[in-house]
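Q: pasted the sequence and its predicted model underneath.
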Amino acid sequence: MKVLDAEGAILGRLSSYAAKNILKGEDVIIINAEKAVISGKPKIIKGDFEEKRQRGSRFHGPFYPRYPDRIIRRSIRGMVPYKKTKGKEAMKRLKVYIGSPENYDNIEKMKKTEESLRCKFIRLVDICRHMGAKI
């Protein structure tokens, strides 16, 4: 079982690392989902996420989440063949939490974090609040 701390981690790198591990058959738990970051200009990123959220209709989808734990699950789902049995089984091995719910041992930090970025970035919690999530 791998426990990943998303604090300061870049969302895409965190997602690809978690996707690789769940496809290998390991259980992955991600804590502090709201503290993950996305690189780029904050205004453009907020616009992109709002566009994803408003795409389609309310009744027929596509449905895009507004909470950070669900956004991370969705980004990992995009890297897994989720319609096949292998992908369905892999997604069952993934757990994502807002905050840290329990005391876990061997918490892994990502190597590339917000300190290594040389560009602007925005935290996932700020995007979620912009889209209307009550965090």
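A: Yep, it's here. Residues are numbered from 1 along each chain as shown.

Q: which residues in the protein form helices?
A: Assignment of helices within the chain using DSSP state H yields the ranges 11-24, 42-54, 68-77, 85-92, 124-131.

Q: how about the last one, which residues are buried there?
A: Taking 16 or more other C-beta atoms under 10 Å as the basis for neighbour counts, the residues of helix 124-131 that come out buried are Leu124, Val125, Asp126, Ile127, Cys128, Arg129, His130, Met131. Where C-beta positions appear, they are placed from N, C-alpha and C, glycine not excepted.

Q: surely Met1 meets Ile29?
A: Yes. Here Met1 reaches Ile29: they are 6.8 Å apart, a contact under C-beta atoms under 8 Å.

Q: who's more crowded, the two?
A: Higher neighbour count among Met1 and Ile29: Ile29, with 20 against 12, using other C-beta atoms under 10 Å.

Q: contacting residues around that one?
A: Ile29 is in contact with Met1, Lys2, Val3, Leu4, Lys95, Val96, Tyr97, Tyr104, counting by C-beta atoms under 8 Å, 6 or more residues apart in numbering.

Q: before we move on, what about Ile76?
A: Taking C-beta under 8 Å, 6+ apart as the criterion, Ile76 is in contact with Ser15, Ala18, Ala19, Ile22, Met91, Leu94.

Q: tabulate those residues (CSV), appending neighbour count and pLDDT.
A: Below are these laid out as CSV (neighbours: other C-beta atoms under 10 Å; pLDDT from 0 to 100):
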residue, neighbour count, pLDDT
Ser15, 24, 97
Ala18, 27, 97
Ala19, 21, 97
Ile22, 21, 97
Met91, 16, 97
Leu94, 20, 97
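
Q: which pair in those has the greatest spatial separation?
A: Ser15 and Met91 (12.5 Å; C-beta to C-beta).

Q: just give me the residue right at the centre of the protein.
A: Centroid-nearest residue in the chain, with C-alpha atoms, centre = their mean: Ile72, separated by 1.8 Å.

Q: can you give me the distance of that residue to Arg118?
A: Computed with C-beta to C-beta, to the nearest Å, the distance linking Ile72 and Arg118 is 24 Å.
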